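Asker: predicted model follows, preceded by the sequence.
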Amino acid sequence: MDKTIVRFGVIGCGLMGKEFASAAARWCHLTDVGFEPRITAVCDANPAAAEWFVRQVPSVSKTTTDYRELLADPDIDAIYCAVPHNLHADLYIDIIRAGKHLLGEKPFGIDREANARIVAEMAKRPDVLVRCSSEFPFFPGAYRIGQWVREGRFGRIIEVEAGFWHSSDLDPLKPINWKRRIATNGEYGCMGDLGMHVLHLPLRFGWQPDSVRALLQKTVDQRPDGKGGMVPCETWDNAILACDVKREDQRFPMVLSTKRIAPGHANTWFIRINGTELSAEYSTKNPKQIRSLPYKPGGEQAWHTLDVPYQTAYSTITGGIFEFGFSDSILQMWAAFCDELVNRDGMSQPLYCATPEEAAASHELFTAALESDRTGQTVRIGGRDSLEAAARSAGI
Ligand SMILES: NC(=O)c1ccc[n+]([C@@H]2O[C@H](COP(=O)([O-])OP(=O)(O)OC[C@H]3O[C@@H](n4cnc5c(N)ncnc54)[C@H](O)[C@@H]3O)[C@@H](O)[C@H]2O)c1
């Protein structure tokens, strides 16, 4: 089968830029896909960062420190942009304006205003596909929970809890970087870094919070500057958001947490849903296992633990008994982006990448959370109607 080649430029050759290159390099892992990304050009403000691509990615024929060169290149169809948050709005807008399809990184703008500017630009270019990176829903256990929600298996929702927890910031000697400064990471702190990952599935399920009471926490307030001194560590370390979700026919609490200081957790993404007919939980802490408790009135209440087979959104060469990991989820997310880019409404499976509307809803929540923590009050959240309209038009 001849594959449709999607020619990519990468802006930002750091941690995530390299993850994309690695996923593109093992595209042969996927079976039955009629599309393939090819990274032809890369850009980083730091020329040394692009050198890795020159050494490792044979398809790269151009490197530059000026992203506009990529946008002017007619041989580039799409851009992956993975740069610090303060640059999202300006770069994403220029990318969309240039007519390049975009997979951008979260939080999709450093704050709500920046995000609104991106969304306004998108409205002028409906021909351009714009999506936001979020890979955890592609873990087979998380994917299966998505299937169960689509099938209406949970009954009435009793409560939901979802989170993303790290712990490397427990070390007070870890030097400062752009992710711990408000100017580059944003006032949201850990919410901007981790929150879209937590919200992707709840928002896709239509569970946009109606209000939030937030508890935000700073534990380490200064860090080594790498030059022998100490500098302020300005951003929120941990956030707990108690949300009230109101749907037409039901209302339930949803607790979302994003933590950079969660002792013992390296990269734990989880979701728990309790319903009247089914409860289920999945965590990347035990990436192979999904727990579920089906319930019928008067019946027994017993948790089942299943070793989830390696059954992925896009089929692969890997046998069902083997383990799925972080880099596999990145590969699956990229397959979803390329599938949607090439086939639009005719994608081969239902989980598409996070949308800018979902990113906008996350900004509504995080902005309300900042106000809630500042005032000590519960804060109502705007934007719900627009998200519901977007979900309806996407057939969810
Ligand atoms: N999806 C995920 O799991 C995940 C994980 C980590 C980070 N991220 C997101 O990815 C983005 C980048 O994070 P990262 O961890 O890769 O950061 P990073 O610091 O490793 O890389 C960012 C790169 O951008 C480059 N850069 C800065 N200004 C630039 C400019 N004007 N033009 C071109 N390049 C420029 C830097 O030199 C650096 O190489 C952020 O939005 C972050 O939130 C996503």
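Answerer: Everything's here; your move. All values reported here derive from a predicted model rather than from experimental measurement.
Asker: could you look up the SS state of F20?
Answerer: Counting by DSSP: H, G, I helix; E, B strand; the rest coil, the backbone at F20 sits in helix.
Asker: which helix or strand contains the closest residue in space to it that isn't next to it in sequence?
Answerer: Leaving aside its sequence neighbours, F20 sits nearest to Y80 (Cβ to Cβ, 6 or more residues apart in numbering; 5.1 Å). From N, CA and C alone the C-beta is placed, and that goes for glycine too. In the assignment (DSSP states H and E), Y80 maps to strand 78-81.
Asker: could you pull up the mean pLDDT of stretch 10-28?
Answerer: Per-residue pLDDT values across stretch 10-28 average out to 98.
Asker: what lies in contact with that stretch?
Answerer: 8, 33, 36-39, 41-44, 46, 49-50, 52-53, 56-57, 67, 70, 79-83, 91, 95, 105, 133, 317, 327, 330-331, 334 (Cβ atoms under 8 Å, 6 or more residues apart in numbering).
Asker: name the residues linked to the residue nearest to F20 by a beta bridge.
Answerer: Beta-bridge partners for Y80, by DSSP bridges, are V10, L103.
Asker: so it touches L103, yeah?
Answerer: Yes: under the criterion of Cβ atoms under 8 Å, Y80 makes contact with L103 at 5.1 Å.
Asker: got the residues of this structure near the ligand?
Answerer: For the chain, the residues in contact with the ligand (Cβ under 6 Å from any ligand atom) are 11-16, 43-46, 49, 67, 82-85, 87, 105-106, 133, 135, 193.
Asker: buried ones among these?
Answerer: Among the residues of the chain next to the ligand, the ones that count as buried by 16 or more other Cβ atoms under 10 Å are 11-13, 16, 43-45, 49, 67, 82-85, 87, 105-106, 133, 135, 193.
Asker: can you pull out the strands in the stretch 1-150 of the chain?
Answerer: Applying DSSP state E, counting those that start in this stretch to the stretch 1-150 of the chain gives strands spanning 4-11, 35-43, 62-64, 78-81, 101-104, 130-132.
Asker: sorry, back to before: contacts for the strand holding Y80 next, please.
Answerer: 6-12, 17, 20, 37, 70-71, 88, 91-92, 95, 100-105, 129, 341.
Asker: give me the contact list for stretch 280-296.
Answerer: Residues outside stretch 280-296 that contact it (Cβ under 8 Å, 6+ apart): 136, 139, 141-142, 144-145, 148, 154, 265, 267-273, 276-279, 301-308, 323-326.
Asker: make it 7 Å
Answerer: Contacts with stretch 280-296, where a contact means Cβ atoms under 7 Å, 6 or more residues apart in numbering, come from 136, 139, 141-142, 144-145, 148, 267-273, 277-279, 301-308, 323-325.
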